[in-house]
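K.L.:
Quick one, structure for this:
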Amino acid sequence: MWCVYIILCWKDRSLYTGITNNLEKRILAHNSNKGAKYTKGRGPVSLLWNFQCLNKSMASKLEYRIKQLSHKDKIKLCKYS
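P.N.:
The predicted structure is shown next:
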């Protein structure tokens, strides 16, 4: 199973969207500055939202669609899903 997730970077209150097949390990990587280049120096991070997908292809397509959303719409997605 693959997962699409949105995390909050506490340092600048920005959002990061990504995919993984091991969410717990990925969040730990982000918080230890070994995750995505974008989250380095912006942590700590907190998981706001995640969605399970059947495969990597589906997760990647959903990630792309979410990344097209505005910050405001991503917050709405997290609140109402």
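
K.L.:
Show me what the helix or strand where residue 64 lies is in contact with.
P.N.:
In this assignment (DSSP states H and E), residue 64 forms part of helix 56-67. The contact list for helix 56-67, computed with Cβ atoms under 8 Å, 6 or more residues apart in numbering, reads 2, 3, 4, 6, 17, 18, 19, 21, 51, 53, 74, 77. C-beta coordinates here come from the backbone N, C-alpha and C atoms, glycine included.

K.L.:
List the buried residues in it.
P.N.:
Buried positions in helix 56-67, judged by neighbour count with 16 or more other Cβ atoms under 10 Å: 59, 62, 63, 66.

K.L.:
which pair in these spans the largest distance?
P.N.:
The most widely separated members of the buried residues of helix 56-67 are 59 and 66, with 10.5 Å between them, by Cβ to Cβ.

K.L.:
ok, which stretches of this structure are strands?
P.N.:
2-9, 14-20, 45-53 (DSSP state E).

K.L.:
Highest mean neighbour count out of these?
P.N.:
When neighbours are counted by mean count of other Cβ atoms under 10 Å, the highest per-stretch mean among the strands of the chain falls to strand 2-9, a mean of 21.

K.L.:
Now that strand: average pLDDT?
P.N.:
Averaged over strand 2-9, pLDDT sits at 98.

K.L.:
what residues are up against the residue lying farthest from the centre of the chain?
P.N.:
Distance to the chain centre peaks in the chain at residue 54, reaching 17.2 Å (criterion: Cα atoms, centre = their mean). Residues near residue 54 by Cβ under 8 Å, 6+ apart: 1, 2.

K.L.:
confidence score at it?
P.N.:
97.

K.L.:
Would you mind confirming that residue 71 is in contact with residue 16?
P.N.:
No. Assessed by Cβ atoms under 8 Å, residue 71 is found out of contact with residue 16, at 11.3 Å.

K.L.:
dump the residue contacts of residue 11.
P.N.:
Residues counted as contacts of residue 11 (Cβ under 8 Å, 6+ apart) are 41, 42, 43.

K.L.:
try it again with 7 Å
P.N.:
Going by Cβ atoms under 7 Å, 6 or more residues apart in numbering, residue 11 touches 42, 43.
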